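K.L.:
Only the shape, not the letters, is given here:
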């Protein structure tokens, strides 16, 4: 299992467009990928789950993955979030 914490820095947090980008990227990996905020843990391949998580600007989330490409999956998602979803 691989996990990393990352702080969401884009102004609007994770809304529909960033959630779609996360799901698209997560689906490129065979690992199970999860995003946690507080005590809520959702599948990173679920757009509705991501949107309902309610991640705002400056919120720290945990990305975790289990599977054959877990490290690459976590690193790719952290990079996407660190780059503010290319906004």
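P.N.:
Perfect, I can see it now. As the structure is a computational prediction, the values presented were derived from the model and not from experiment. Residues are numbered from 1 along each chain as shown.
K.L.:
And the helices in the protein?
P.N.:
With DSSP state H as the criterion, the chain has helices at 16-26, 47-53, 70-82.
K.L.:
Any idea which of these gets closest to residue 2?
P.N.:
With Cβ to Cβ as the criterion, residue 2 lies closest to helix 70-82 of these, at 4.3 Å. C-beta here means a position set from N, CA and C on the backbone, and glycine is covered the same way.
K.L.:
Okay, buried residues for the closest one please.
P.N.:
For helix 70-82, the neighbour count (16 or more other Cβ atoms under 10 Å) marks 70, 73, 74, 76, 77, 80, 81 as buried.
K.L.:
so how far is residue 82 from the residue of the chain positioned farthest from its centre?
P.N.:
Going by Cα atoms, centre = their mean, the residue of the chain most distant from its centre is residue 68, 18.0 Å out. Using Cβ to Cβ, to the nearest Å, residue 68 is found at 24 Å from residue 82.
K.L.:
ok, now residue 51?
P.N.:
Going from residue 51 to residue 82 by Cβ to Cβ gives 20 Å.
K.L.:
Next, count neighbours for residue 1.
P.N.:
Counted with other Cβ atoms under 10 Å, the neighbours of residue 1 add up to 11.
K.L.:
Contact partners for it?
P.N.:
Contacts for residue 1 were tallied using Cβ atoms under 8 Å, 6 or more residues apart in numbering; they are 64, 65, 66, 70.
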